[in-house]
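Participant: got a structure for you, letters missing:
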């Protein structure tokens, strides 16, 4: 198993995210940040569309900014009047909020931006930012296999961010991970806990999810085998050699500590439940109606 670097996800910094009823308070995030740095986590994933995430992250970076690697995303936008200028302005605003000199990766947050008529103008603007060393990598964060296939046929992408978890095997089938890896520098896995859903049992899950029998099958698996949900989710994603980095979202320092202990102790799960499902209404959280 290839050693993978962890990326601390910042979607919940200053904003409600996932199944949590409350947003992550800045003081708790400071604890998480410092604990992460202490344990050699220097990659952070944020986005303009995550509310105040960039600004709050910039506030806590402090003396660590030389080692910090920031991954952020170009916000969703329907129309540009001047592609080069407006995209550059947005990147410069992100850099200023974060207090860094450049971005490790700039993702296209909305894949359709690279699939519609202005896609080449947008991509060329990103190439110019890369030549100016304002961004090191051009990335794309996708929801579906079809989107990614189309984008990789048209553009040279450095980093792709894809969802992978116990339920979501869409990018794993038919050796697709290897095909992706042959075309990009890095693959980043996100949604490894599916916004926390995979860590919850029937009692703690919102009743909205009762409509999917696959979750009852998952409950039975963990109840019968008495294995850790957290360790199973982590080891599943870390078992793929093609994945270079894994985005981990936590809501407390203790959660991050628990995850790192699982990795440090090499708490291995040799078998994984067969929970593959194809329903995008479950796999893609933006479709959840809760």
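Facilitator: The structure has been received and is ready for your questions. All values derive from a computational prediction rather than experimental measurement. Residues are numbered from 1 along each chain as shown.
Participant: Could you check how far residue 146 is from residue 115?
Facilitator: 10 Å (C-beta to C-beta, to the nearest Å). For every residue, glycine as well, the C-beta is placed using N, CA and C.
Participant: Report all helices and strands that the helix or strand containing residue 94 contacts.
Facilitator: Here residue 94 sits within helix 83-98, counting by DSSP states H and E. Counting by 3 or more C-beta pairs under 8 Å, 6 or more residues apart in numbering; DSSP states H and E, the packing neighbours recorded for helix 83-98 are helix 53-61, strand 69-74, strand 103-108, helix 119-131.
Participant: and the second one, which strands flank it?
Facilitator: This means strand 69-74. For strand 69-74, the paired strands and their directions (DSSP bridges) read strand 43-45 (parallel), strand 103-108 (parallel).
Participant: Next, count neighbours for residue 55.
Facilitator: Residue 55: 16 surrounding residues under other C-beta atoms under 10 Å.
Participant: can you pull the pLDDT of it?
Facilitator: pLDDT recorded at residue 55 is 91.
Participant: which residues of the stretch 101-250 of the chain fall in helices?
Facilitator: Across the stretch 101-250 of the chain, reading from the start of the chain, the helices by DSSP state H, counting those that start in this stretch fall at 119-131, 145-154, 176-181, 213-225, 229-238.
Participant: Just name the most buried of those.
Facilitator: helix 229-238 (a mean of 20; mean count of other C-beta atoms under 10 Å).
Participant: Present the strands paired with strand 69-74 as a markdown table; the columns should include distance to residue 91 and mean pLDDT.
Facilitator: Written out in a markdown table, the entries for those read as follows (distance: least, C-beta to C-beta, whole Å; pLDDT from 0 to 100):
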| stretch | distance to residue 91 | mean pLDDT |
| --- | --- | --- |
| strand 43-45 | 16 | 97 |
| strand 103-108 | 6 | 97 |
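Participant: Format these as CSV; extra columns: distance to residue 205 and mean neighbour count.
Facilitator: Converted to CSV, those look like this (distance: least, C-beta to C-beta, whole Å; neighbours: other C-beta atoms under 10 Å):
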stretch, distance to residue 205, mean neighbour count
strand 43-45, 25, 24
strand 103-108, 30, 25
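Participant: Select, out of these, the one closest to residue 80.
Facilitator: With C-beta to C-beta, the closest approach to residue 80 among these belongs to strand 103-108: 12.9 Å.
Participant: how close does the nearest residue to residue 253 once chain neighbours are set aside sit to residue 254?
Facilitator: Computed as C-beta to C-beta, 6 or more residues apart in numbering, the closest residue to residue 253 that is not its neighbour in sequence is residue 31, at 4.4 Å. Per C-beta to C-beta, residue 31 is found 9 Å from residue 254.
Participant: Comparing these two, which shows the higher neighbour count?
Facilitator: When neighbours are counted by other C-beta under 10 Å, residue 31 comes out ahead of the other of residue 31 and residue 254, with 15 against 12.
Participant: Check the separation of the first and last residues in stretch 168-187.
Facilitator: 16 Å (C-alpha to C-alpha, to the nearest Å).
Participant: buried stuff in it?
Facilitator: The neighbour-count check on stretch 168-187 (16 or more other C-beta atoms under 10 Å) flags 168-172, 176-177, 180-181, 184-187 as buried.
Participant: hmm, back to that, could you save the strands paired with strand 69-74 as JSON lines and add columns showing distance to residue 233?
Facilitator: Written out in JSON lines, the entries for the strands paired with strand 69-74 read as follows (distance: least, C-beta to C-beta, whole Å):
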{"stretch": "strand 43-45", "distance to residue 233": "18"}
{"stretch": "strand 103-108", "distance to residue 233": "23"}
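Participant: Looking at those, spot the one closest to residue 235.
Facilitator: strand 43-45 (20.1 Å).
Participant: and residue 241, how many neighbours?
Facilitator: By the measure other C-beta under 10 Å, the count of residues near residue 241 is 12.
Participant: okay but residue 218 is in contact with residue 274, surely?
Facilitator: No - look at residue 218 against residue 274 with C-beta atoms under 8 Å: they stay out of range, at 10.2 Å.
Participant: just to revisit the earlier point, which stretch among the helices of the stretch 101-250 of the chain comes nearest residue 24?
Facilitator: If you check each of these against residue 24 by C-beta to C-beta, helix 229-238 wins as the nearest, at 18.3 Å.
Participant: The closest residue to residue 106 other than its chain neighbours pairs with what?
Facilitator: Taking C-beta to C-beta, 6+ apart as the measure, residue 106 lies nearest to residue 135, with 4.4 Å between them; neighbours along the chain are not counted. Applying DSSP bridges to residue 135 gives these bridge partners: residue 103.
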